[in-house]
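Undergrad: quick one: sequence plus predicted model below, questions after.
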Amino acid sequence: MVEPRSIAEILGLSSSIRTVGDLESAVSAGLPKRSLERLSARLYEDRRVASAYKFKIVPAATWKRRTKRLSIDESERTERLARVLAQAEYVWDDREQAREWMNKPHRELNDRTPLEVARTELGARRVEDLLDKLFYGLPI
């Protein structure tokens, strides 16, 4: 399992997040908007693409209305993607390779990208299962 600290680091949260409970509390309180911006920047090198990606999580009009924090639902979606990215970075032991893998269609995901599939909770589970198989060298 990926350490909550790894997820928190991707989201730019304080180092006081050490447990799943700490992370859950942060998500329940609403993550800062900056967390989604940091996640997007970690997923995409190109700033324009990263900026546009956040609107797949929070619609543009809603993003503009948000002052400081995301809603709980938006925070959960953001955390879920950060969790999957953290696991990919752990498996590949390289940020760039993890980013490439997250954005490349995979046959086990019906030729969709892990990033696309992980936008839902069940999809994220599929991606996490695939990452586990890759990590442990199991057949795919």
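TA: Cool, the structure landed. Numbers count the residues shown, from 1 in each chain.

Undergrad: grab the longest helix from this structure for me.
TA: Taking DSSP state H as the criterion, the chain has its longest helix at helix 72-92.

Undergrad: pull out the buried positions in that helix.
TA: 74-89, 91-92 (16 or more other CB atoms under 10 Å). Placement of C-beta: from N, CA and C, glycine included.

Undergrad: how far is it from where the chain is centred?
TA: Helix 72-92 sits 3 Å away from the centroid of its parent chain (CA atoms, centre = their mean, to the nearest Å).

Undergrad: same question for stretch 84-94.
TA: Centroid displacement of stretch 84-94 relative to its chain, using CA atoms, centre = their mean, is 11 Å.

Undergrad: by contact count, what packs against the longest helix of the chain?
TA: helix 4-11, helix 20-29, helix 33-43, helix 47-57, helix 95-102, helix 114-117, helix 121-136 (3 or more CB pairs under 8 Å, 6 or more residues apart in numbering; DSSP states H and E).

Undergrad: mind running it again at 7 Å?
TA: Secondary-structure packing of helix 72-92 (3 or more CB pairs under 7 Å, 6 or more residues apart in numbering; DSSP states H and E): helix 4-11, helix 20-29, helix 33-43, helix 47-57, helix 95-102, helix 121-136.

Undergrad: rebuild these as a markdown table, extending it with mean pLDDT.
TA: Output for the helices and strands packed on helix 72-92, formatted as a markdown table (pLDDT from 0 to 100):
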| stretch | mean pLDDT |
| --- | --- |
| helix 4-11 | 97 |
| helix 20-29 | 97 |
| helix 33-43 | 97 |
| helix 47-57 | 93 |
| helix 95-102 | 97 |
| helix 121-136 | 97 |
